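Participant: Sharing a sequence plus its predicted fold:
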Amino acid sequence: MLLHYLDYTNKTHKAGKLELSSVQCNTQVLPDYIALYSQVSDYCHTSRTAVAYFQFDNVFDGQHGLYNAIYYNNRRDLRTFKMRFKNVKFVIAPDCSECGDVDLLENLYRLKRSRVISLWLTIELGICVIPLITFPNLNFLPFVLEGLVECSVIAFSTKGYINNAEEREILIKAIKLTVNTLRLKTIVVYDVCGTDEKALAIFEYAIQKGIEVVIPDNILKDRNKLGKKKQKGGVDAK
């Protein structure tokens with residue numbers, strides 16, 4: 001019946017009207033670097049590197065992606081994924097992209113895919129998976145928050161929001177709703193700016209509520225930091 005994913009969803013309880021699988025993340029040890037899914041050589045960049053999926057979905061969720069391997073119980077592909085993530089300690093839950101111009105059912109299915117993958121990574125490999133708050137619009141956000149009530153640590157990405165005033169305001173509202181709904185201690189942020197000031201301003205509400213906001217380094221952030229330093233050096237030299 002191709003219900004192999006039930007081996008993982010049945011190990012947790014269901015939440016809300018959608019009966020989404022609940023996940024837990026209450027780690028006190030946090031990632032200090034974020035590697036993208038395709039950057040396998042960076043998976044152990046530090047002893048606390050997290051792997052994230054902030055890339056096009058066909059990079060990680062195509063025909064031979066992890067979800068299909070779980071769904072069809074493709075043992076060969078599952079072995080490959082176990083080897084890929086063998087020494088990984090942290091993963092930010094897959095960003096199975098939800099889109100504003102597709103039907104609700106499709107977006108909900110993508111949310112389910114992310115939950116199933118998260119459970120597999122935790123149950124099979126013992127990886128600490130940090131739930132990612134991603135949404136096509138604010139009306140969809142309550143669905144995303146279902147099943148996260150036992151999480152004190154979640155993640156956001158600011159990429160695409162920082163320099164767009166309208167999108168930035170939407171993210172600020174989403175952060176406020178998330179903070180008011182969950183009992184959070186920490187928010188891990190994927191941000192690629194050379195400095196943290198703009199990102200921290202977006203999370204001002206969370207900070208005021210006593211929530212720790214952690215912004216680990218990543219390859220794009222490191223490049224932008226270097227660019228800032230070179231630019232500053234050029235200015236100083238004049």
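Facilitator: Sure thing, it's come through. Numbers count the residues shown, from 1 in each chain.
Participant: Low-confidence ranges, the protein, go.
Facilitator: Counting by pLDDT under 70, the chain contains low-confidence ranges at 234-238.
Participant: residues making contact with the biggest helix by length in it?
Facilitator: In the chain, with assignment by DSSP state H, the single longest helix is helix 104-125. For helix 104-125, contacts defined as Cβ atoms under 8 Å, 6 or more residues apart in numbering pick out 5, 8-9, 11-12, 18, 20-21, 23, 61, 66-67, 70-71, 82, 85-86, 88, 91, 93-99, 127-129, 131-132, 136, 140, 143-144, 147. Using the backbone N, CA and C atoms, a C-beta is placed for each residue, glycine as well.
Participant: What's the PyMOL syntax to select whichever of the residues you listed are buried?
Facilitator: To isolate the buried members of those in PyMOL, using 16 or more other Cβ atoms under 10 Å:
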select buried, resi 5+8+9+12+20+21+23+61+66+67+70+85+88+91+93+94+95+96+97+98+127+128+129+131+132+136+140+143+144+147
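Participant: Stretch 21-37: how far from the chain's middle?
Facilitator: Put simply, stretch 21-37 sits 8 Å off its chain's centre (Cα atoms, centre = their mean, to the nearest Å).
Participant: Which residues are in contact with residue 189?
Facilitator: Applying Cβ under 8 Å, 6+ apart, we find residue 189 in contact with 155, 156, 157, 158, 199, 203, 213, 214, 215, 216.
Participant: can you do 7 Å?
Facilitator: If you count contacts by Cβ atoms under 7 Å, 6 or more residues apart in numbering, residue 189 has them with 156, 158, 199, 203, 213, 214, 215.
Participant: again with residue 127
Facilitator: Here residue 127 is in contact with 85, 88, 89, 90, 91, 121 (Cβ under 7 Å, 6+ apart).
Participant: mind redoing it with 6 Å?
Facilitator: Residue 127 is in contact with 88, 91, 121, counting by Cβ atoms under 6 Å, 6 or more residues apart in numbering.
Participant: okay if I get those residues as a markdown table plus distance to residue 193?
Facilitator: Below are the contacts of residue 127 laid out as a markdown table (distance: Cβ to Cβ, whole Å):
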| residue | distance to residue 193 |
| --- | --- |
| 88 | 25 |
| 91 | 23 |
| 121 | 28 |
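Participant: show me where this protein has helices.
Facilitator: 6-9, 57-60, 66-71, 75-84, 104-125, 141-145, 165-181, 197-202, 204-208, 219-237.
Participant: Nearest approach to residue 30 belongs to which of the ones you listed?
Facilitator: Set against residue 30 and scored by Cβ to Cβ, the helices of the chain come closest in helix 204-208, at 15.0 Å.
Participant: which residues are contacting that closest one?
Facilitator: 175, 176, 179, 187, 213.
Participant: List just the nearest of those residues to residue 75.
Facilitator: Lowest distance from residue 75 to the contacts of helix 204-208 (Cβ to Cβ) belongs to residue 187, with 36.8 Å.
Participant: okay, now that closest one: neighbour count?
Facilitator: 22 (other Cβ atoms under 10 Å).
Participant: And residue 123, by the same measure?
Facilitator: The tally of other residues near residue 123 (other Cβ under 10 Å) stands at 13.
Participant: Against residue 71, how distant is residue 216?
Facilitator: Distance of residue 216 to residue 71, computed by Cβ to Cβ, to the nearest Å: 31 Å.
Participant: Likewise for residue 110?
Facilitator: Residue 110 sits 14 Å away from residue 71, taking Cβ to Cβ as the criterion.
Participant: for residue 181, same thing?
Facilitator: Plainly put, residue 181 is 30 Å away from residue 71 if you go by Cβ to Cβ.
Participant: Residue 194 too?
Facilitator: With Cβ to Cβ as the criterion, residue 194 and residue 71 are 41 Å apart.
Participant: for residue 125, same thing?
Facilitator: Residue 125 is 18 Å from residue 71, by Cβ to Cβ.
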